[in-house]
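> Dropping the sequence and predicted coords here.
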Amino acid sequence: MKEIKTIKDIPKEDLIVGGSLACQGCGAILGIKLVLKALGKNTIMVNSSGCMTLVPTYPLTSFKIPWIHVAIENGGAVASGISHALEMKGQKNVNVVVYAGDGATADIGFQSLSGALDRGDDFIYVCYDNQSFGNTGVQRSSETPYGAYTTTTPTGKNSHVGNPKQTKPLAKIIAAHGIPYVATAAVGYPLDFIRKLQKASKIKGPKFIHLLSPCQPGWGYETHDTINTGKLAVQTGFWPLYEMENGKFMLNMNPGKLKPVEEYLKTQVRFRHLEKKNVMLIQQKINERWEKLLKGNFWES
């Protein structure tokens, strides 16, 4: 597997072809393309039910690699089974990758994921986080950010804020399992994501990458703005990029002075109902977390 350091190093061959049912401007499908660019043909992908289940349409497939569709709740368990089967057959250098949404990861599928992490099985888990249950109508997940409109957190006379809760600290919960590698990534920064995937592939045991995947119909931005939306999330501190390797924390990108989070929020319909006080609260939370991350205080952030 060739190490990718620059855009020119990225393989030209796509291991997923066009013509799928993914939405225009879909961040998650771009994430899959980057996974396969980084890891190559020796990859088996497990896809828990979600938006990406729509990519292959039985009996056809958009993938040039083995792809397994499983129930929304058992991606971790299936990855464990594949990993052990490959070990028993003596097959090495095969990347077992779970590619699952936030609903299948932080909510419905968390039990099987936690079990697989606890066993120390060898696989890479990529959570493509579009911050909702996107494929069933954009319902709230535990990764839906504070203030966001979803179909189950609508605004109205009894609620003017949308989602009233903060997101579940998923990366911390995963890291608390003591696994060797945990990282965040964003489709707006493909080389950072690719680097983390290639690093993860060289580490024995469970690896987890939390990928921000902008969702055009769920978030409400123009279809051509997926990359810019992902970049703004990082540049405002809304989605910091970092990694935790064997318990050692590293902040991967420090843009210096953060852009105001309002620049990110105003690009999306799901936040347009927010009042100034709500935006100020979001900004305050970001500032507090950012100061702690700058000091390396991952667990306190």
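Great, that's in hand.

> The chain: strands as residue ranges?
43-48, 67-70, 95-101, 123-129, 181-186, 206-212, 242-245, 248-251 (DSSP state E).

> Would you map the helices across the stretch 101-250 of the chain?
102, 110-119, 170-175, 190-201, 226-235 (DSSP state H, counting those that start in this stretch).

> Most tightly packed of those helices?
Highest mean neighbour count of these: helix 102, a mean of 28 (counted as mean count of other CB atoms under 10 Å). Every C-beta, even on glycine, is put in place using the N, C-alpha and C of the backbone.

> Show residues contacting that one.
Helix 102 is contacted from outside by Cys127, Tyr128, Asp129, Asn130, Gln131, Ser132, Ser141, Ser142, Glu143, Leu170, using CB atoms under 8 Å, 6 or more residues apart in numbering.

> Recalculate using a threshold of 10 Å.
Here helix 102 makes contact (CB atoms under 10 Å, 6 or more residues apart in numbering) with 50, 109, 127-134, 141-144, 167-168, 170, 210-213.

> still on that earlier bit, export the helices of the stretch 101-250 of the chain to a markdown table and tack on mean pLDDT and distance to Trp290?
Shown next, in a markdown table, are the helices of the stretch 101-250 of the chain (pLDDT from 0 to 100; distance: least, CB to CB, whole Å):
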| stretch | mean pLDDT | distance to Trp290 |
| --- | --- | --- |
| helix 102 | 97 | 22 |
| helix 110-119 | 97 | 27 |
| helix 170-175 | 98 | 15 |
| helix 190-201 | 98 | 18 |
| helix 226-235 | 97 | 12 |
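
> Mind checking the ones you listed for the one nearest to Arg289?
helix 170-175 (11.3 Å; CB to CB).

> CA atoms only: put the closest one into PDB for me.
In PDB, the C-alpha atoms belonging to helix 170-175 read as follows (Å, rounded to 0.1, in the frame of the first residue of the first chain):
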ATOM      1  CA  LEU A 170     -18.400   9.700  21.300                       C
ATOM      2  CA  ALA A 171     -14.600   9.900  20.900                       C
ATOM      3  CA  LYS A 172     -14.100  10.100  24.600                       C
ATOM      4  CA  ILE A 173     -16.300   7.100  25.200                       C
ATOM      5  CA  ILE A 174     -14.500   5.100  22.500                       C
ATOM      6  CA  ALA A 175     -11.100   6.100  23.900                       C
END
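
> who touches it?
Contacts for helix 170-175 (CB under 10 Å, 6+ apart): 102, 105-106, 110, 113-114, 117, 125, 127, 129, 142-143, 169, 181-184, 206-210, 240, 242-244, 247, 249, 298-301.

> Identify the residues contacting the residue nearest the centre of the chain.
Centroid-nearest residue in the chain: Leu211, 2.3 Å away (criterion: CA atoms, centre = their mean). The contact partners of Leu211, by CB under 10 Å, 6+ apart, come to 27-28, 30-31, 34-35, 99, 102, 126-130, 183-187, 193, 196-197, 230, 239.

> Quick check: it vs Asn228, distance?
To Asn228, Leu211 is 17 Å away according to CB to CB, to the nearest Å.
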